[in-house]
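Colleague: the following block contains a protein sequence and its predicted model.
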Amino acid sequence: MKKQWGLVPKILNGEKTVESRWYKNKITPWDKIKPGDTIYFKDSGEKVSLKANVTGVEQYKIRSNEHAREIMEKYSLQDLGAVEIAETIKKYISNKNYAIFVHFDDVKKIEPFDIDKTGFGIQAAWLTIHSLEKIKRT
């Protein structure tokens, strides 16, 4: 997560209960995440520090920038912890073709750990794995 957006603290205090991802193409976690899965959070450049339970997943095909803003407005409080959508967010969701919203609850602070993204790509913002041990650094 982009540290400057301050979303990890909002996840921990319950202000943020949805994580959205906006893409040009259908990439992870599209069609790979479901209720009952565990989701982990970290700020970019930091260790993984939170985990939560996935309670729902919604996927959208974006028709236009206006459609993207309408969808974001529907979830802005749950996703951003704010009613107003900042210009940086509006710019970020512009010209995207797909959006996925992952609902979660039961957020817990965990013992922080590093991950090894070898094989996923250094820029991978989302990893889908069957075993945490596959990426957890010791």
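Modeller: Perfect, thanks for sending it. For clarity, every value in this text was computed on a predicted model and none was experimentally measured.

Colleague: just checking: what are the partner strands of the strand of greatest length in the chain?
Modeller: Of all the segments of type strand in the chain, defined by DSSP state E, the longest one is strand 98-113. Within its sheet, strand 98-113 is paired with strand 18-23 (antiparallel), strand 48-61 (antiparallel), according to DSSP bridges.

Colleague: so where's the chain uncertain?
Modeller: The chain contains residues with pLDDT under 70 at 122, 138.

Colleague: ok, longest helix in it?
Modeller: helix 65-80 (DSSP state H).

Colleague: what's the next secondary structure element after it?
Modeller: As assigned by DSSP states H and E, the chain's next helix or strand after helix 65-80 is helix 87-93.

Colleague: helices or strands up against that following helix?
Modeller: Contact here means 3 or more CB pairs under 8 Å, 6 or more residues apart in numbering; DSSP states H and E; on that basis helix 87-93 packs against helix 65-80. Every C-beta, even on glycine, is put in place using the N, C-alpha and C of the backbone.

Colleague: next, format the strands paired with strand 98-113 as TSV and append distance to Leu127.
Modeller: Shown next, in TSV, are the strands paired with strand 98-113 (distance: least, CB to CB, whole Å):
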stretch	distance to Leu127
strand 18-23	12
strand 48-61	10
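
Colleague: still on that earlier bit, buried residues, the longest strand of the chain. List them.
Modeller: Buried residues in strand 98-113, defined by neighbour count with 16 or more other CB atoms under 10 Å: Tyr98, Ala99, Ile100, Phe101, Val102, His103, Phe104, Val107.

Colleague: and which of the residues you listed is nearest to Leu12?
Modeller: For the buried residues of strand 98-113, the closest approach to Leu12 (CB to CB) belongs to Val107, at 6.1 Å.

Colleague: list the contacts of the closest one.
Modeller: Ile11, Leu12, Gly14, Leu50, Lys51, Ala52 (CB atoms under 8 Å, 6 or more residues apart in numbering).
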